[in-house]
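[1] coordinates only, no sequence provided:
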């Protein structure tokens, strides 16, 4: 009977030997001078890609590797708060955060803000414009939105929802003074109309919608005149009655575990060499990067709803 078990025993010994060799090889790589995981710079993001590099980060990835002289790996996380935790623990050295992701971090004081993206308008922030139909003589200011239908942008979006609410409140129109919407769940509890980035289209085509908020970058791209139901609206069909607080663009940050020399190298690359990188700018839809203003990002907390 013992002979019948010998092949199985030999196979077990062989598999154990292979596993042991693999483990030793892994330890050697991680402790050796090159090529180990210790040499890879982990960068946090909420964007995931099955091939490891999100399409909009491909040129940025190459530039960061060249600037740091080390391989870069993007590590997708579910939220800005999760990224901040990884940075705090030292599992990541750098991260790419949108303004909304930054605002979700309870305490970002330990993060170093390296550079802010410069948008297509040549600025590091953007506003939401509160608009009404140009022909509607009832609208002179934000206060005139009371008891009217108002089109927000994207549900829980920092600019076209939260910042728009604050702008309405400043104008004397908290959301409970807007004409409530009858909508299916989950929006029925909010009683607000959300139309993504199509507030201008909604106002132009639906006479029951009186005003709304639109990203100024979207509004800027509208033609000056000639709007119609087929080609879309134009700027002359609307009047701007107010605006939101500015919301900064995405920011690249360093965690407390990032070496000062690496922080310096990456900051120099972002501020001085990205604007000339056509592929990078196209993929990220930016014109380059500029020094980050921490106060602009910390001010975002005031836009977030209290929970």
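    Yep, that arrived. Small disclaimer: the values here were computed from a predicted structure and weren't measured. Numbers count the residues shown, from 1 in each chain.

[2] separation between the most centrally placed residue in the chain and residue 137?
    Centroid-nearest residue in the chain, with C-alpha atoms, centre = their mean: residue 98, separated by 2.9 Å. Distance, residue 98 to residue 137, by C-beta to C-beta, to the nearest Å: 39 Å. All C-beta spots, glycine's among them, are computed from the backbone N, C-alpha and C.

[3] ditto for residue 199
    20 Å.

[4] now swap in residue 131 and tell me
    The gap separating residue 131 from residue 137 is 15 Å, by C-beta to C-beta.

[5] so these two - more neighbours on which side?
    For residue 131 and residue 137, the more surrounded residue by other C-beta atoms under 10 Å is residue 131, and the numbers stand at 25 against 10.

[6] wait, doesn't that one sit right on residue 213?
    Yes: here residue 131 reaches residue 213: they are 7.5 Å apart, a contact under C-beta atoms under 8 Å.

[7] intersection of neighbour lists for those two?
    Shared contacts of residue 131 and residue 213, defined by C-beta atoms under 8 Å, 6 or more residues apart in numbering, comprise residue 199.

[8] you'd agree residue 135 is in a strand?
    No: the assignment for residue 135 (DSSP: H, G, I helix; E, B strand; the rest coil) gives coil, which keeps it out of a strand.

[9] ok, residue 254 to residue 264 distance?
    10 Å.

[10] where along this structure do the strands fall?
    41-45, 72-76, 94-97, 112-118, 125-126, 128-133, 150-152, 193-194, 211-215, 238-243, 247-248, 251-254, 288-290 (DSSP state E).

[11] residue 174 is nearest to which of these?
    strand 150-152 (11.6 Å; C-beta to C-beta).

[12] more neighbours: residue 254 and residue 264, which one.
    Taking other C-beta under 10 Å, residue 254 and residue 264 do not tie; residue 254 has more neighbours (21 against 12).

[13] so what pLDDT did that one get?
    pLDDT, residue 254: 98.

[14] surely it touches residue 108?
    No: Residue 254 is beyond contact range of residue 108, at 11.7 Å (criterion: C-beta under 8 Å).

[15] hmm, back to that, pick the most deeply packed of the strands of the chain.
    The highest mean neighbour count among the strands of the chain, using mean count of other C-beta atoms under 10 Å, belongs to strand 211-215: a mean of 27.

[16] now do the same contact list for residue 274.
    Contacts for residue 274 (C-beta under 8 Å, 6+ apart) come out as 60, 63, 280, 281, 286, 288, 289.

[17] does the last one touch residue 119 like I think?
    What that stands for is residue 289. No: counting by C-beta under 8 Å, residue 289 does not reach residue 119; the two are 10.9 Å apart.

[18] list the contacts for residue 58?
    Neighbour list for residue 58: 279, 283 [criterion: C-beta under 8 Å, 6+ apart].

[19] then residue 288?
    Residues in contact with residue 288 (C-beta under 8 Å, 6+ apart) are 117, 118, 274, 275, 281.

[20] if we ignore the residues flanking it in sequence, what's nearest it?
    Nearest residue to residue 288, sequence neighbours excluded (C-beta to C-beta, 6 or more residues apart in numbering): residue 275, at 3.1 Å.

[21] how about residue 237?
    Leaving aside its sequence neighbours, residue 237 sits nearest to residue 227 (C-beta to C-beta, 6+ apart; 4.9 Å).

[22] let me see the contact set for that neighbour.
    By C-beta under 8 Å, 6+ apart, residue 227 lies in contact with 204, 233, 234, 235, 236, 237.

[23] which of those are buried?
    Buried members of those, counted by 16 or more other C-beta atoms under 10 Å: 204, 233, 234, 235, 237.

[24] just checking, which of the residues you listed belong to helices?
    Using DSSP state H, the subset of the buried ones among the contacts of residue 227 located in helices is residue 204.

[25] tell me which two of the buried ones among the contacts of residue 227 sit farthest apart.
    204 and 235 (11.0 Å).

[26] any idea how far residue 264 is from residue 152?
    42 Å.

[27] next: residue 269.
    In this view, residue 269 and residue 152 are 38 Å apart by C-beta to C-beta.

[28] could you do residue 195 as well?
    Remark: distance between residue 195 and residue 152 (C-beta to C-beta) = 7 Å.

[29] now do residue 277
    Applying C-beta to C-beta, the value for residue 277 to residue 152 is 36 Å.

[30] same check, this time on residue 240
    Distance, residue 240 to residue 152, using C-beta to C-beta: 16 Å.

[31] then residue 70?
    Distance, residue 70 to residue 152, using C-beta to C-beta: 43 Å.
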